[in-house]
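1. missing the sequence, but the structure's below:
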């Protein structure tokens, strides 16, 4: 089948196949890298943010508990109580901000975590409500000791403990997920490298096979054509080449065969003309011989006639002389 394809088309097909595999390899690499990139972007845009927000919310909750204790310990100092309250409120506001950001992410990505985030927000609100009630009593002077303050807040202690527990659980869960995603990305990267190597090896092997096929499809006919022309050069005009194809070599071979056929006809014509000339030469030689013999006979006859005439002339002269003597 390949013999019926012209060389230019063979080369185009070979280059086309190689180009196809190069494009395919590029597409595979691009798709794999895109997957890795998308995973990384998603991780940075969502998982990393969620893990960060949960970790910071947990830190803010610990800060609130710490400043709560500082307020109760320094309950006798209005100045310190006010200072620590501002710090407590700062931690609360930042913690609530992080919880709201987490809640926003649950609407888009983490619907399973929505319940935990809602609980986290609910317990934090309950703890704040209880803490502000106790703080108001401290400011009014109705609570004067650390023990009374802790006792008054004990009703809301479970809320702050549950809040800290949920924040810790969410933070740990997403930190672990980040490690798992890292492993997934590394695995995807290894897979991409393996696919690229396999694609490169396949492209190389196919290119080599195509090169050998095209090489043989060109070289073998050229060798046959060379042997054919060498035989003709050595004088064998009966040499023949049987190459059934429609490529350029077939065109050259057909033209060479046509040329040799015409050359054979010319030589045949020359041989026939030579034979005819040889026959004509023999006939001319025979005719010339006959003409030569006829000329010799005519010369002999002329000599004989001349001799006879001379004899007659001598006889006449003698008779004349005799006649004169008689007179």
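-> That came in fine, so what should we check first? Not measured: the values here are computed from a predicted model.
2. show me where the stretch 201-327 of the chain has helices.
-> Counting by DSSP state H, counting those that start in this stretch, the stretch 201-327 of the chain has these helices, from start to end: 248-326.
3. can you list the weak-confidence ranges in it?
-> Applying pLDDT under 70 to the stretch 201-327 of the chain flags the ranges 237, 242-249, 281-282, 285-286, 288-296, 298-302, 306, 309, 311-327.
4. which residues touch the nearest residue to residue 207 once chain neighbours are set aside?
-> Residue nearest to residue 207 in three dimensions, not counting chain neighbours: residue 18, with 5.3 Å by Cβ to Cβ, 6 or more residues apart in numbering. Every residue, glycine included, has its C-beta placed from N, CA and C. Applying Cβ atoms under 8 Å, 6 or more residues apart in numbering to residue 18 gives the contacts 203, 206-207, 210.
5. so residue 18 is in which element?
-> Element membership for residue 18 (DSSP states H and E) is helix 7-42.
6. roughly how far apart are the residue nearest to residue 207 and residue 208?
-> To residue 208, residue 18 is 11 Å away according to Cβ to Cβ, to the nearest Å.
7. tell me where the model's unsure across the stretch 51-200 of the chain.
-> Scanning the stretch 51-200 of the chain with the threshold set as pLDDT under 70 gives 181-182, 185.
8. got CSV for the contacts of residue 18, with neighbour count too?
-> Below are the contacts of residue 18 laid out as CSV (neighbours: other Cβ atoms under 10 Å):
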residue, neighbour count
203, 17
206, 15
207, 16
210, 17
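9. got those residues as CSV, with distance to residue 64 columns?
-> Shown next, in CSV, are those (distance: Cβ to Cβ, whole Å):
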residue, distance to residue 64
203, 62
206, 67
207, 68
210, 72
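10. which of these sits closest to residue 58?
-> Residue 58 lies nearest to residue 203 out of those, by Cβ to Cβ, at 52.1 Å.
11. I'd say the closest one and residue 20 touch.
-> No: Residue 203 is not in contact with residue 20 according to Cβ atoms under 8 Å; the separation is 9.4 Å.
12. how far is the helix or strand hosting residue 200 from where the chain is centred?
-> Using DSSP H and E, residue 200 falls within helix 157-233. The chain centroid and the centroid of helix 157-233 are separated by 12 Å under Cα atoms, centre = their mean, to the nearest Å.
13. any idea how far residue 87 is from residue 179?
-> For residue 87, the distance to residue 179 - Cβ to Cβ - is 33 Å.
14. so for the two, which sits in the more crowded spot?
-> residue 87 (15 against 10; other Cβ atoms under 10 Å).
15. residues touching the more buried one, list them.
-> Counting by Cβ under 8 Å, 6+ apart, residue 87 touches 63, 67, 70.
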